[in-house]
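Peer 1: Here's a sequence, model it:
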Amino acid sequence: MNMTKIKDAYANAWQKTKELKTLITFLIITNIVFLFFGQWMIANGIPVAVELKKEFLKQLPEMGYLKPLSDPLAPYLSLKIGYTFLFNLIFGALLSTTAPGIIFFLPYIIAVFRAWTIGVIFYGTTPTPLHSVIFYGTFILEFGGYVFSSAAGINIGLSLLNPTWKGKETRLEAFKAAAKDAAMLFIVTATLLFLGAVWEMSWLHFFGLHAENFISLESSGN
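Peer 2: Model prediction:
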């Protein structure tokens with residue numbers, strides 16, 4: 001793919017972002033609000049949040065998808081970046097937030113639960129400014145990617161529910177239009193998730209931190 005095609009692809013993605021800006025803005029606000037709501041619940045000792053955090057931390061060492069980051073891939077930054085990127089793109093974005101969009105409200109429910117869960121889990125686990133930098137940088141980039149994949153899913157669901165949402169007469173035509181939208185939105189999703197993987201894994205790699213010591217945001221994909 002030459003530079004002209006790449007520029008055109010990003011230009012089309014930007015245009016689609018502007019067309020769906022209300023939905024995307026709504027999802028951004030949702031993620032921020034429920035992230036801080038989860039943190040507030042832990043700060044105030046709300047039992048359901050405290051128990052969830054304890055259970056997650058107890059199960060963390062057994063979570064198989066984190067093991068490659070601290071065992072076979074540990075010495076290789078590029079492989080850790082690639083693993084993290086593909087895991088988040090396939091499981092965190094495509095399968096967890098876009099595919100469920102056939103029922104249009106599911107990506108929103110998933111976004112609410114993810115952001116709240118991350119707020120609950122991470123509150124108090126960033127003891128130094130460095131940990132905070134890693135966490136908030138990763139959250140902005142990875143959850144930014146999930147915002148666009150969620151928007152793609154909701155857009156597909158709304159097109160199936162009401163074809164006029166896409167200005168079409170039949171559900172099949174509307175679905176095809178929404179699928180093209182999703183392809184453009186995933187350009188942004190993939191870019192943000194790749195940058196998120198580079199950001200997170202680079203910090204963890206060069207500062208000798210490990211996924212089991214500093215909980216990776218990939219857990220939000222499950």
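
Peer 1: in this structure, which spans are strands?
Peer 2: Secondary structure of the chain by DSSP state E: no strands are present.

Peer 1: burial count for the closest residue to residue 130 other than its chain neighbours?
Peer 2: Computed as CB to CB, 6 or more residues apart in numbering, the closest residue to residue 130 that is not its neighbour in sequence is residue 207, at 6.8 Å. (Glycine included, C-beta is placed from N, CA and C.) Using other CB atoms under 10 Å, residue 207 has 11 other residues around it.

Peer 1: In contact with the residue nearest to residue 50 when sequence neighbours are not counted, which residues?
Peer 2: What sits nearest to residue 50 in space, not counting adjacent residues and going by CB to CB, 6+ apart, is residue 42, at 6.6 Å. By CB atoms under 8 Å, 6 or more residues apart in numbering, the residues touching residue 42 are 49-50, 53, 119-120, 123-124.

Peer 1: give me that answer again for 10 Å
Peer 2: Going by CB atoms under 10 Å, 6 or more residues apart in numbering, residue 42 touches 49-50, 52-53, 119-125.

Peer 1: ok, now residue 29?
Peer 2: Applying CB under 10 Å, 6+ apart, the residues near residue 29 are residue 147.

Peer 1: and it, how far is that from residue 37?
Peer 2: According to CB to CB, to the nearest Å, residue 29 stands 12 Å off from residue 37.

Peer 1: Which residues are in contact with each of those two?
Peer 2: With CB under 10 Å, 6+ apart, residue 29 and residue 37 have no common neighbours.

Peer 1: How about the contacts made by the residue located most distally from the centre of the chain?
Peer 2: What lies farthest from the middle of the chain is residue 169; by CA atoms, centre = their mean that is 32.6 Å. By CB under 10 Å, 6+ apart, the residues touching residue 169 are residue 163.

Peer 1: Show me the helices in this structure, by range?
Peer 2: 3-19, 21-43, 47-59, 67-70, 77-87, 106-122, 129-161, 171-206 (DSSP state H).
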